[in-house]
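Student: From the sequence below, what's the structure:
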Amino acid sequence: MNYRDLKNFTINEFLILFFPFAIIIGPVVINFILVLTSFILLKDFILKKITLEFINTKWFLVCILFIFYNILNAFFSTDQFNALRGSIGQLRFILFSIFLLYFIKNLKNLDLMIKIWLSLVLFIAIDVIFQNFASFNMLGIPISISSRPSSFF
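Tutor: This is a model prediction of the structure:
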């Protein structure tokens with residue numbers, strides 16, 4: 001893999017590629033990617049660049065029922081506003097999964113992305129094993145108070 005391989009990625013492919021790294025970086029970056037991909041999906045859907053033929057699938061029906069269940073459950077909560085806000089916020093996960101379903105089948109660089117993801121997982125696994133024996137990770141960060149290896153997390 002070299003720089004020229006990464007130059008050929010579209011923004012959608014780059015967002016999918018970067019998502020595992022976002023998990024390591026933290027929740028702010030994860031939420032940013034989730035919201036950004038949701039906006040991209042909605043924009044492409046409104047501009048009729050994509051069709052959502054999988055809306056008729058059982059998976060989509062289960063996701064929609066789950067969202068409605070959360071919203072309905074929020075009305076019976078003691079703090080309705082926060083419960084409703086959290087329930088509607090779950091929509092970004094549904095939109096991200098639709099984004100993945102649609103754009104992964106159109107990816108030209110899927111094999112390269114899988115290699116990068118596997119390299120990241122392997123690196124973290126090696127770091128966890130190293131941290132388990134050395135009590136600090138490869139960057140020198142000591143093990144947490146709970147004495148549980150956590151790598152870069």
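
Student: hey, let's count contacts and neighbours off CA atoms from now on
Tutor: OK.

Student: Checking residue 85 next. Helix, strand or coil?
Tutor: Local secondary structure at residue 85 is given as helix here, using DSSP: H, G, I helix; E, B strand; the rest coil.

Student: ok, now which ones touch it?
Tutor: Listed by Cα atoms under 8 Å, 6 or more residues apart in numbering, residue 85 has no contact partners.

Student: and if we set it to 10 Å?
Tutor: Contact partners of residue 85, counting by Cα atoms under 10 Å, 6 or more residues apart in numbering, are 71, 74.

Student: my guess is residue 18 meets residue 114, correct?
Tutor: No: Residue 18 is beyond contact range of residue 114, at 11.6 Å (criterion: Cα atoms under 10 Å).

Student: quick one, which of the two is more surrounded?
Tutor: Applying other Cα atoms under 10 Å to residue 18 and residue 114 shows that residue 18 carries more neighbours, namely 17 against 12.

Student: Contact partners for the more buried one?
Tutor: Here residue 18 is in contact with 12, 29, 30, 33, 113, 116, 117 (Cα under 10 Å, 6+ apart).

Student: Lowest-confidence entry in the residues you listed?
Tutor: Confidence by pLDDT is poorest for residue 113 among those, given 75.

Student: what helix or strand does that one sit in?
Tutor: Using DSSP states H and E, residue 113 maps to helix 110-134.

Student: distance of residue 93 from residue 137?
Tutor: Distance, residue 93 to residue 137, using Cα to Cα, to the nearest Å: 31 Å.

Student: Looking at the two now, which is surrounded by more residues?
Tutor: Looking at residue 93 and residue 137 with other Cα under 10 Å, you find the greater number of neighbours at residue 137, namely 22 against 16.

Student: That one and residue 114, how far apart?
Tutor: According to Cα to Cα, residue 137 and residue 114 sit 25 Å apart.

Student: Also residue 43?
Tutor: Counting by Cα to Cα, the gap from residue 43 to residue 114 is 27 Å.

Student: Enumerate every residue touching residue 21.
Tutor: 29, 30, 117, 120, 121.

Student: What pLDDT does the model give it?
Tutor: At residue 21 the predicted local confidence, pLDDT, stands at 83.

Student: Many thanks, have a good one.
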